[in-house]
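A.B. asks: based on what follows, work out the 3D shape:
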Amino acid sequence: MILGGLLCGALTLAFVSCFEYMHLPKVLSIAIGGGIGFVGVDALRSVLLKVIKCRFGVDK
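C.D. replies: This is a model prediction of the structure:
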């Protein structure tokens, strides 16, 4: 439970730097962090792994 919260915060901070790099408002990171918290870190991880496996053709 605590680890999920920490990962949610870490992902939100990562999005802040991405938004700064792309010259987007940093306020969007609040919405992204809320979305990650709502969906859950585990669900987000499974979706990203499916996308990566599909994109790079990894069969594992």
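A.B. asks: contacts, neighbours, all on C-alpha from now
C.D. replies: Will do.
A.B. asks: who touches the lengthiest helix in the chain?
C.D. replies: Longest helix in the chain, counting residues (DSSP state H): helix 2-21. Defining contact as C-alpha atoms under 8 Å, 6 or more residues apart in numbering, one finds that helix 2-21 is touched by 25-26, 28-30, 32-33, 36-37, 40-41.
A.B. asks: that helix: which residues count as buried?
C.D. replies: Neighbour-count burial for helix 2-21 flags 7-9, 11-13, 15-16, 19 (criterion: 16 or more other C-alpha atoms under 10 Å).
A.B. asks: quick one: it to chain centroid distance?
C.D. replies: 7 Å (C-alpha atoms, centre = their mean, to the nearest Å).
A.B. asks: put the alpha carbons of it into CSV.
C.D. replies: Only the C-alpha atoms of helix 2-21 are listed here, as CSV (Å, rounded to 0.1, in the frame of the first residue of the first chain):
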residue,chain,number,x,y,z
ILE,A,2,2.8,2.4,0.9
LEU,A,3,4.9,1.3,-2.0
GLY,A,4,2.1,2.0,-4.4
GLY,A,5,1.7,5.6,-3.1
LEU,A,6,5.5,6.1,-3.5
LEU,A,7,5.4,4.8,-7.0
CYS,A,8,2.5,7.1,-7.8
GLY,A,9,4.4,10.1,-6.5
ALA,A,10,7.5,9.1,-8.4
LEU,A,11,5.6,8.7,-11.7
THR,A,12,4.0,12.1,-11.1
LEU,A,13,7.4,13.7,-10.6
ALA,A,14,8.6,12.0,-13.8
PHE,A,15,5.7,13.5,-15.7
VAL,A,16,6.5,17.0,-14.4
SER,A,17,10.0,16.8,-16.0
CYS,A,18,8.5,15.4,-19.2
PHE,A,19,6.0,18.3,-19.3
GLU,A,20,8.7,20.8,-18.7
TYR,A,21,10.7,19.3,-21.6
